[in-house]
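Student: Pasting a predicted model and its sequence here:
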Amino acid sequence: MPCVLTEEANRKMLLTALDVPTEGVRHVQDETVAYVEDDSQGNGSLYITDNVVTWRNSSGQGFSLQYPSISLHAVSRDLNAFPHECLFLMVDGKLSDDADPRQKSSDDEDEVVGPFEGDTATTEVRFVPADKGALDAMFNSMSDCQALHPDEQDTDSEADDFEANYYEGMEGEDNLTPEGQRTLEHLENLLLNGQGQGDGQNRPNAGNEENTNQMDEDQFADADEMQ
């Protein structure tokens with residue numbers, strides 16, 4: 001069941017007590033700030049495991065996300081879209097205080113966000129590590145784990161259908177914040193103009209690292225394609 005946002009002025013997530021993950025851990029990133037929409041949840045550690053993505057603060061409070069609920073993950077270096085380089089996640093379902101009652105539970109020890117049938121809303125989650133050089137490793141670990149959880153409802157899709165599937169999967173686009181909308185527009189531009197170009201401007205590891213306002217063309221992934 002997903003965590004829900006409180007009605008406090010800072011709208012921080014209702015965090016729950018979580019143990020440190022020990023099984024299937026692919027990557028641990030300490031000193032990582034979590035944002036839900038534009039709201040900082042504070043500093044903590046990010047655990048990317050085979051089955052869940054868990055963020056936990058120093059007090060042992062945090063949240064976990066199931067891979068089927070993560071429709072998109074990307075490395076965002078566009079400081080016009082968000083003031084920090086980050087690992088950007090689009091999560092199915094609106095994690096807010098007005099969420100559907102079916103999505104709330106007070107009985108689970110570890111509240112885990114999963115997909116919900118018929119819910120087209122989305123929530124933006126960002127992980128901002130103190131070490132920005134770790135973003136690619138975080139992305140790659142998530143991609144490897146996402147591949148372990150293919151979309152069961154879209155098993156017939158093929159890799160060359162990526163662009164169509166990407167747009168069809170963005171049913172909650174109207175619910176994005178302005179920062180999230182700019183991030184998606186940047187991805188759209190890369191899809192329409194970046195692929196197949198010979199100048200290498202939008203390719204990872206191409207050119208120098210001075211231009212931090214771009215998102216690497218290959219540094220995004222749609223969950224529908226991780227099969």
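Tutor: Nice, thanks for sending it over. Not measured: the values here are computed from a predicted model. Residues are numbered from 1 along each chain as shown.

Student: So what's the residue count around Asp136?
Tutor: Burial of Asp136 is recorded as 15 neighbouring residues (other Cβ atoms under 10 Å). Quick note: C-beta positions are derived from backbone N, CA and C, even for glycine.

Student: Are we agreed that it is in a strand?
Tutor: No: assignment of Asp136 by DSSP: H, G, I helix; E, B strand; the rest coil gives helix, placing it outside any strand.

Student: separation between it and Val75?
Tutor: 6 Å (Cβ to Cβ, to the nearest Å).

Student: go on, Pro83?
Tutor: 15 Å.

Student: what about those two, which has more around it?
Tutor: Neighbour count, other Cβ under 10 Å: between Pro83 and Val75, Val75 has more, with 22 against 10.

Student: helix, strand or coil for the more buried one?
Tutor: Classification of Val75 using three-state DSSP returns strand.

Student: Hmm, Gly133 and it touching each other?
Tutor: No: the pair Val75 and Gly133 fails to qualify as a contact (Cβ atoms under 8 Å) at a distance of 11.4 Å.

Student: got any ranges where the protein has weak pLDDT?
Tutor: 1-14, 95-120, 152-183, 186-227 (pLDDT under 70).

Student: Check which helices and strands the helix or strand encompassing Phe63 is in contact with.
Tutor: Using DSSP states H and E, Phe63 maps to strand 61-66. With contacts defined as 3 or more Cβ pairs under 8 Å, 6 or more residues apart in numbering; DSSP states H and E, the packing partners of strand 61-66 are strand 16-17, strand 52-57, strand 112-113.

Student: quick check: angle from it to strand 52-57?
Tutor: Angle, strand 61-66 to strand 52-57, by axes from the mean of the first three to the mean of the last three Cα atoms, to 10 degrees: 170 degrees.

Student: Make TSV out of the helices and strands packed on strand 61-66 and add mean neighbour count and distance to Met142.
Tutor: TSV is the format used below for the helices and strands packed on strand 61-66 (neighbours: other Cβ atoms under 10 Å; distance: least, Cβ to Cβ, whole Å):
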stretch	mean neighbour count	distance to Met142
strand 16-17	15	22
strand 52-57	23	7
strand 112-113	22	15
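
Student: Among those, which comes closest to Asn140?
Tutor: With Cβ to Cβ as the criterion, Asn140 lies closest to strand 52-57 of the helices and strands packed on strand 61-66, at 13.6 Å.

Student: partners of that closest one in the sheet?
Tutor: strand 39-49 (antiparallel), strand 61-66 (antiparallel) (DSSP bridges).
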